[in-house]
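S.K.: below is the structure, and that's it, no one-letter string:
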């Protein structure tokens, strides 16, 4: 670790090999190789005195030879005692050089001395390895800052020695570790930590607990040096530190937690960090156990607060972690996740909207959405992946808690507000999500989903492109068609949620608009079914009767809501009075849309006071297949007749103008009913008419009800017959 690149042990050795052999310490070599420690130590002290005398006599040129003798004749020996003595001699030479007070003399030989000692840490004998620790300790103690240029090879040796299997060698390494930490703590702030970073990062994944603790402790020491910063190197270190933090060692966890918190403080001060490079690491650990998850979430929250743009490339992956945690049992994780979620919403998503709003999905759209062109994509320095984000939102809708599902829906509202054109590109995925949540058992979730449907189906006030209005209308159509498919499935028990969905959607969109759009969607599906049937016959394929069955089931369910719920009272009144062309058009569309369900078609005619045509429909029932489901629908119609919705019709029973066809229709309905509860209800209703009233009304049997609007019944009844014939054909084909 230095301003100049440190020399490797081999390079240091090559730079100081003397060319002439022979030194004044040769008489001491035998004693340095003695088998007893005391004699070796005494000989080492004599080496120290000898070198001091050489310096005093200005024989400095003999020092390289002394070092070389200790190296080649002792450290390089096959005798373990000689190797130990040689290491002691090298330390003695270093002490003598330091005591000489000759400027630059110790620094001249520091590299050579270190290179020899460091090699000895790989000695197979534990005693020699301990002697190497002792020798290095004594050299470093007198050399102090002179060892800093060689910290890379020293640190590499230390990281191995600290995990030595021999206790004595390990103890020696521990002493060295403390000494070098002291030396490093005294170093100047302008010294680079980059070599340390590479050495530490490469060793973070070791399994030995002492080696792990050693690495973290070194980072903490370096972090404490004034002016030294690890912030630029966090992407290189973070994975290893989090890996240690997520382990099972309480002491190591505590050390890592302290270190990670210090890094956060430093990042907040410097504000110059690579959040984008760190984000994949943080996301990885945010998915792990509680301890690591909370720390990773804390880091993501801090980075989001300091540099939001750096995390938005990873917004989908962050959302996949944060959204489920919004309902976490741990308060800290939940609150931090809320913070992250709110922070991401502050991103300027508008910058990712299509600039040329006439371009959409490779097509220039007019009011009908036609014409080729190439869409212009936004040019933003931060890439926000809307496709990936929608995939995550869809996944969380399926798996998440109610809190998570609410958060998903709020994201949809935000994205629609900021980038509606791009969001409409994914209308299929969007409508599926909204339908799933609209059917949610949680009322808050379902209500917010329906609000999303209404928002995506509308445009803001002011000057908006025609294409946006067209796409908004299409999004509502797509949702309603999917809703009708769900309502048309008899296996799905929608009665519990059907009214809730339709009524709340009416509150957001308006009852007349919703009624109009739903019956149009029903009619489109019915006509599409007709085309599929015709094509299947042409291709000699078996037609699918389920299409018509589902259409009939959906029509019945929708009619139950429209005819009963008070939210649609204004629309029912409009159809009943039939005083405007709009009312007549809505009636005719509803008639066609409900044609797959004869009883639903009959109900709209009774509502519209078209009693004569109701009689005609009832007469046709005898030619149609009357199933158990048909009987149930008739019973429900009788229930509706007894409700406030049909009060006007019941009053018409006393009217000479209306009574004849109405009575005929109701008696016809009575004949369809099985003799159960609703049969009795309707029969009793009809019995309440007095003989006098019946006699009075006989005069009106040939009188047609007053028409409030001119309806051409031929195409309507023709359409009804066509639909019923198609149903019959699909069942028998």
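M.R.: In hand now; what should we look at? Computed from a predicted structure; not experimentally measured. Numbers count the residues shown, from 1 in each chain.
S.K.: state the helix or strand in which residue 130 lies.
M.R.: Assessed by DSSP states H and E, residue 130 sits inside helix 126-143.
S.K.: using the three-state scheme, assign residue 145.
M.R.: Following DSSP: H, G, I helix; E, B strand; the rest coil, residue 145 is assigned to helix.
S.K.: so what pLDDT did it get?
M.R.: Per-residue pLDDT puts residue 145 at 90.
S.K.: what does residue 287 give?
M.R.: Per-residue confidence (pLDDT) for residue 287: 92.
S.K.: so it makes contact with residue 321?
M.R.: Yes: when contacts are counted by CB atoms under 8 Å, residue 287 is listed as touching residue 321 (6.0 Å). Just so you know, the C-beta spots here come from the backbone N, C-alpha and C atoms, and that holds for glycine as well.
S.K.: could you point out the helix or strand that follows the helix holding residue 130?
M.R.: From helix 126-143, the next helix or strand downstream (DSSP H and E) is helix 151-161.
S.K.: tell me the mean pLDDT for the helix or strand just after that next one?
M.R.: Later in the chain than helix 151-161, the nearest helix or strand by DSSP H and E is helix 167-185. Averaged across helix 167-185, pLDDT comes to 91.
S.K.: report the buried residues of helix 167-185.
M.R.: 169-170, 172-174, 176-177, 179-181, 183-184 (16 or more other CB atoms under 10 Å).
S.K.: thinking again about what came up before, neighbour count for residue 287 and residue 321, which is higher?
M.R.: residue 321 (22 against 14; other CB atoms under 10 Å).
S.K.: need the contact list for that one.
M.R.: If you count contacts by CB atoms under 8 Å, 6 or more residues apart in numbering, residue 321 has them with 283, 286-287, 297, 337.
S.K.: how about the helices in the stretch 151-300 of the chain?
M.R.: Applying DSSP state H, counting those that start in this stretch to the stretch 151-300 of the chain gives helices spanning 151-161, 167-185, 194-203, 209-224, 234-245, 250-270, 275-286, 290-306.
S.K.: lowest average pLDDT across these?
M.R.: Minimum mean pLDDT among the helices of the stretch 151-300 of the chain: helix 194-203, a mean of 86.
S.K.: next, the buried residues of that one.
M.R.: Neighbour-count burial for helix 194-203 [16+ other CB under 10 Å]: 195-197, 199-201, 203.
S.K.: where does pLDDT dip in the protein?
M.R.: Residue ranges of the chain with pLDDT under 70: 1-23, 189-191, 354-382, 461-463, 493-496, 528-546, 656-658, 690-709, 730-733.
S.K.: gap between residue 51 and residue 116?
M.R.: Counting by CB to CB, to the nearest Å, the gap from residue 51 to residue 116 is 16 Å.
S.K.: between these two, who's got more neighbours?
M.R.: Just comparing residue 51 and residue 116: by other CB under 10 Å the higher neighbour count belongs to residue 51, 28 against 25.
S.K.: helix/strand/coil for the more buried one?
M.R.: Following three-state DSSP, the label given to residue 51 is helix.
S.K.: phi, psi for the residue nearest in space to the middle of the chain please.
M.R.: The centre of the chain sits closest to residue 320, judged by CA atoms, centre = their mean, with a distance of 2.0 Å. Main-chain dihedrals, residue 320, degrees, to the nearest 10: phi -60, psi -20.
S.K.: i'd like the first residue to be 38 from this point on
M.R.: Sure, I'll start counting at 38 from here, so that last one is residue 357.
S.K.: that one against residue 429, yeah?
M.R.: Yes: if you go by CB under 8 Å, residue 357 and residue 429 touch, sitting 4.7 Å apart.
S.K.: for residue 437, give its distance to residue 443.
M.R.: The value you get for residue 437 to residue 443, if CB to CB is used, is 9 Å.
S.K.: and residue 433, which of the helices of the stretch 188-337 of the chain is closest to it?
M.R.: Closest approach to residue 433 among the helices of the stretch 188-337 of the chain is made by helix 312-323 (14.9 Å; CB to CB).
S.K.: run the chain-centre distance for that closest one.
M.R.: Offset of helix 312-323 from its chain centre (CA atoms, centre = their mean, to the nearest Å): 13 Å.
S.K.: same question for stretch 461-469.
M.R.: Taking CA atoms, centre = their mean, one finds stretch 461-469 lying 18 Å from the centre of the chain it belongs to.
S.K.: so for that stretch, what gets flagged as buried?
M.R.: Those buried within stretch 461-469 under the rule 16+ other CB under 10 Å are 461-464, 467-468.
S.K.: now for those residues: which two are most distant?
M.R.: 462 and 468 (12.7 Å).
S.K.: show me where the stretch 588-737 of the chain has strands.
M.R.: Here the stretch 588-737 of the chain has no strands by DSSP state E, counting those that start in this stretch.
S.K.: show me where it has helices.
M.R.: With DSSP H, counting those that start in this stretch as the criterion, the stretch 588-737 of the chain has helices spanning 606-614, 618-630, 635-644, 648-658, 665-678, 684-689, 696-709, 714-724, 728-735.
S.K.: winner for burial among those helices?
M.R.: Burial of the helices of the stretch 588-737 of the chain is given as mean neighbour count (mean count of other CB atoms under 10 Å); helix 635-644 ranks first at a mean of 25.
S.K.: what packs against it?
M.R.: Under the contact criterion of 3 or more CB pairs under 8 Å, 6 or more residues apart in numbering; DSSP states H and E, helix 635-644 touches helix 583-601, helix 606-614, helix 618-630, helix 648-658, helix 665-678, helix 696-709, helix 750-769.
S.K.: can I get these in a markdown table with distance to residue 450?
M.R.: A markdown table is the format used below for the helices and strands packed on helix 635-644 (distance: least, CB to CB, whole Å):
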| stretch | distance to residue 450 |
| --- | --- |
| helix 583-601 | 25 |
| helix 606-614 | 27 |
| helix 618-630 | 30 |
| helix 648-658 | 44 |
| helix 665-678 | 36 |
| helix 696-709 | 46 |
| helix 750-769 | 39 |
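S.K.: quick one, which of those helices is nearest to residue 312?
M.R.: Ranking the helices and strands packed on helix 635-644 by proximity to residue 312 (CB to CB) places helix 583-601 first, at 50.5 Å.
S.K.: which neighbouring elements make contact with the closest one?
M.R.: helix 503-524, helix 532-546, helix 548-575, helix 606-614, helix 635-644, helix 665-678, helix 750-769.
S.K.: any idea which of those helices is most buried?
M.R.: helix 635-644 (a mean of 25).
S.K.: helix 618-630 and that helix, what's the angle between them?
M.R.: On the basis of axes from the mean of the first three to the mean of the last three CA atoms, to 10 degrees, helix 635-644 is oriented at 160 degrees to helix 618-630.
S.K.: got the contact list for helix 635-644?
M.R.: Contact with helix 635-644 is made by 592-593, 595-596, 600, 609, 612-613, 624, 627-628, 631-632, 648, 650-651, 654-655, 657-658, 661, 667, 670-671, 673-674, 677-678, 682-683, 686, 702, 706, 757, 761, as judged by CB under 8 Å, 6+ apart.
S.K.: from the contacts of residue 358, keep the buried residues only.
M.R.: Buried members of these, counted by 16+ other CB under 10 Å: 320, 323, 334, 374.
S.K.: how many other residues sit next to the nearest residue to the second one once chain neighbours are set aside?
M.R.: For residue 323, the nearest residue in space outside its immediate sequence neighbours is residue 333; the separation is 3.9 Å by CB to CB, 6 or more residues apart in numbering. Here the count is done by other CB under 10 Å, and residue 333 has 26 residues near it.
S.K.: quick one: contacts for residue 333?
M.R.: Going by CB under 8 Å, 6+ apart, residue 333 touches 279, 319-323, 325.
S.K.: how about JSON lines for the residues you listed, with distance to residue 510 added?
M.R.: JSON lines is the format used below for the contacts of residue 333 (distance: CB to CB, whole Å):
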{"residue": "279", "distance to residue 510": "49"}
{"residue": "319", "distance to residue 510": "42"}
{"residue": "320", "distance to residue 510": "39"}
{"residue": "321", "distance to residue 510": "43"}
{"residue": "322", "distance to residue 510": "46"}
{"residue": "323", "distance to residue 510": "40"}
{"residue": "325", "distance to residue 510": "46"}
